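Chemist: No letters, just coordinates:
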DNA sequence: ACGCATTACAAACATACGTATAGTTCTCTT
DNA sequence: AAGAGAACTATACGTATGTTTGTAATGCGT
């Protein structure tokens, strides 16, 4: 990890460097400027704010990113902001920095999923390493989320009946059992099942079941076991 | 969470209280004794050690447990011991306690998966709450591990050929494709597949595929896609 | 030498799955 | 009013899956 950012915008890391955004929330303007400079020097895009409120009011682009956050802030504190972001379902990886931190603070931040917690003074490279780790975490999270979202949108192209059939098929029921469950003729189930396979772009039943797992689709087990 | 341990050995938490073991590693004998007392008072079983080495040399029973670990220890430090346990693939949840901790220490501990990091002085209830959280985490981890182990042992009852068939079936191949892949007649695959279903106690193909997921069974995708 | 598990295949049958063609009914939109 | 899509069924056919019964070669331990 160390040294990945010491030569800006070159070689194999060019893509990661140019695409990631580092958000900075820090009330001290001189610290904010020096952080901004540091990140820009290694080719990272930076967007800095003086308070949590400012960042909440701005439009956050939907790209790989991380947040360097001062713990002590006027208004909403860094830890409160972390909680607030979680409540808003915003899962940007956070690196805390602080001048006067303590252990309970650190524990709360780390329990809340923070990537790192650095107390000043720290070496630039420590922060850069943390940023690399954080953006990498975000990249992976986004990739996983994109996969789910794609499947979800495919699933939503299914008619309600097709969705119902898919759920029961994924639960392991035979066509005739699905038909009984839904009050349909078996032939109808067969046809809907065909639609499901086509619309979900599943090449096999195994595929479809894995998709169901990813989507978290399941039915009440009591309905299966009584067969 | 708070107050779950303030009346020992009664009500719905009796099971969790009596079955969990709290390991304590603390060199200061008076602290060790007071911790032991505290946990015993709320009905927890306690096994205390004066050093990490002592605990490593003892036989650790295979039950739900957690570890209350002093950061500063003679010989192997608490943080080193955490690393060592991870290296040995021992995933007991750790609660650190310390008299003179600092932030980097805390961060390292939490990054390493610690449940909590308490600096003295702390309230007894804080520690007890952390122990509840830690044992609960261990209980869940053990449950998940047991599930995998059960499936694994079922899988090991399969003959090599049956295992191979299961892998390819779980990958979504048709019987004839499995047969071609393994150089078998289709009828042979059908028979082995029947054995697989019976031995794995799978009631449906969906079941079997979920088992494969849990077991992490997969084959080179190139073999499927070229069909 | 004997039993036993494994590997392997065949014939035959029953059941399950998938698709094409064709048609009815209903609702919602243009 | 016409068209589109959803929901639903039927007939018919072809393929896939699963099970039973039977056969046979191999290898391994006692």
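Modeler: All right, it came through fine. A quick note: this is a predicted structure, and the numbers were derived from the prediction, not measured.
Chemist: Quick one: mean pLDDT over stretch A:157-164.
Modeler: Regarding stretch A:157-164, the rounded mean pLDDT is 93.
Chemist: So which bits of that stretch are buried?
Modeler: A:158, A:162, A:163, A:164 (16 or more other C-beta atoms under 10 Å in any protein chain shown). C-beta here means a position set from N, CA and C on the backbone, and glycine is covered the same way.
Chemist: That one and chain B in contact?
Modeler: No. Stretch A:157-164 lies out of reach of chain B by C-beta under 8 Å from any C-beta of the partner chain, never closer than 15.8 Å.
Chemist: how long is stretch A:201-209 from one end to the other?
Modeler: From its first residue to its last, stretch A:201-209 covers 12 Å (C-alpha to C-alpha, to the nearest Å).
Chemist: how about that stretch: buried residues?
Modeler: Quick answer for stretch A:201-209 (16+ other C-beta under 10 Å): A:202, A:204, A:205, A:206, A:207, A:208, A:209.
Chemist: In this structure residue A:85 contacts residue A:92, no?
Modeler: Yes. With contact defined as C-beta atoms under 8 Å, residue A:85 reaches residue A:92; the gap is 6.6 Å.
Chemist: Using a markdown table, please lay out the buried residues of stretch A:201-209 together with secondary structure, distance to DNA strand D and pLDDT.
Modeler: Converted to a markdown table, the buried residues of stretch A:201-209 look like this (DSSP: H, G, I helix; E, B strand; the rest coil; distance: C-beta to the nearest atom of the strand, whole Å; pLDDT from 0 to 100):
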| residue | secondary structure | distance to DNA strand D | pLDDT |
| --- | --- | --- | --- |
| A:202 | coil | 14 | 95 |
| A:204 | coil | 8 | 96 |
| A:205 | helix | 8 | 97 |
| A:206 | helix | 10 | 96 |
| A:207 | helix | 13 | 96 |
| A:208 | helix | 13 | 97 |
| A:209 | helix | 13 | 96 |
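Chemist: need the contact list for the residue positioned nearest the centre of chain A.
Modeler: Using C-alpha atoms, centre = their mean, the residue of chain A that lies closest to the mean C-alpha position is residue A:141, 3.9 Å off. Neighbouring residues of residue A:141 by C-beta atoms under 8 Å, 6 or more residues apart in numbering or on different chains: A:91, A:93.
Chemist: helix, strand or coil for it?
Modeler: Classification of residue A:141 by DSSP: H, G, I helix; E, B strand; the rest coil places it in helix.
Chemist: separation between residue A:28 and residue A:120?
Modeler: The span separating residue A:28 from residue A:120 equals 10 Å under the rule C-beta to C-beta, to the nearest Å.
Chemist: what do you get for residue A:39?
Modeler: Plainly put, residue A:39 is 16 Å away from residue A:120 if you go by C-beta to C-beta.
Chemist: With residue A:92 instead?
Modeler: Noted for residue A:92: a distance of 22 Å to residue A:120, by C-beta to C-beta.
Chemist: which of those two has more neighbours?
Modeler: In terms of neighbours (other C-beta atoms under 10 Å in any protein chain shown), residue A:92 is the more surrounded of residue A:92 and residue A:120; the figures are 19 against 11.
Chemist: helix/strand/coil for the nearest residue to the more buried one once chain neighbours are set aside?
Modeler: Counting by C-beta to C-beta, 6 or more residues apart in numbering or on different chains, residue A:92 lies nearest to residue A:67, which is 5.0 Å off, once chain neighbours are set aside. At residue A:67 the chain is in strand, as set by three-state DSSP.
Chemist: so what's residue A:115 up against?
Modeler: A:66, A:93, A:94, A:95, A:130, A:133, A:134, A:137.
Chemist: 6 Å - rerun?
Modeler: Residues in contact with residue A:115 (C-beta atoms under 6 Å, 6 or more residues apart in numbering or on different chains) are A:93, A:95, A:133, A:134.
Chemist: and the nearest residue to it once chain neighbours are set aside, how many residues sit next to it?
Modeler: With sequence-adjacent residues excluded and distances taken as C-beta to C-beta, 6+ apart, residue A:115 is closest to residue A:134, at 4.3 Å. Each residue near residue A:134 was counted by other C-beta under 10 Å, and the total is 24.
Chemist: now do the one 10 residues further on
Modeler: Residue neighbour count, defined by other C-beta under 10 Å, stands at 11 for residue A:144.
Chemist: Tell me the buried residues in the helix or strand it falls within?
Modeler: According to DSSP states H and E, residue A:144 maps onto helix A:124-156. In terms of neighbour count (16+ other C-beta under 10 Å), helix A:124-156 has its buried residues at A:126-139, A:142, A:151, A:154-155.
Chemist: List, out of the residues you listed, those positioned next to DNA strand D.
Modeler: Restricting the buried residues of helix A:124-156 to those touching DNA strand D (C-beta under 7 Å from any atom of the strand) yields no residues.
Chemist: Show me the shaky parts of chain A.
Modeler: For chain A, the stretches flagged by pLDDT under 70 are A:1-18, A:220-227.
Chemist: now do 80
Modeler: Applying pLDDT under 80 to chain A flags residues A:1-19, A:218-227.
Chemist: Chain B next: which of the buried residues of stretch A:201-209 are close?
Modeler: Intersecting the buried residues of stretch A:201-209 with the contacts of chain B gives A:204, A:206, A:207, A:209 (criterion: C-beta under 6 Å from any C-beta of the partner chain).
Chemist: Buried ones in stretch A:183-192, by neighbour count?
Modeler: In terms of neighbour count (16+ other C-beta under 10 Å), stretch A:183-192 has its buried residues at A:184, A:188, A:189, A:190, A:192.
Chemist: Equivalent analysis for stretch A:206-219, please.
Modeler: With burial defined by 16+ other C-beta under 10 Å, the residues of stretch A:206-219 counted as buried are A:206, A:207, A:208, A:209, A:210, A:211, A:212, A:215, A:217.
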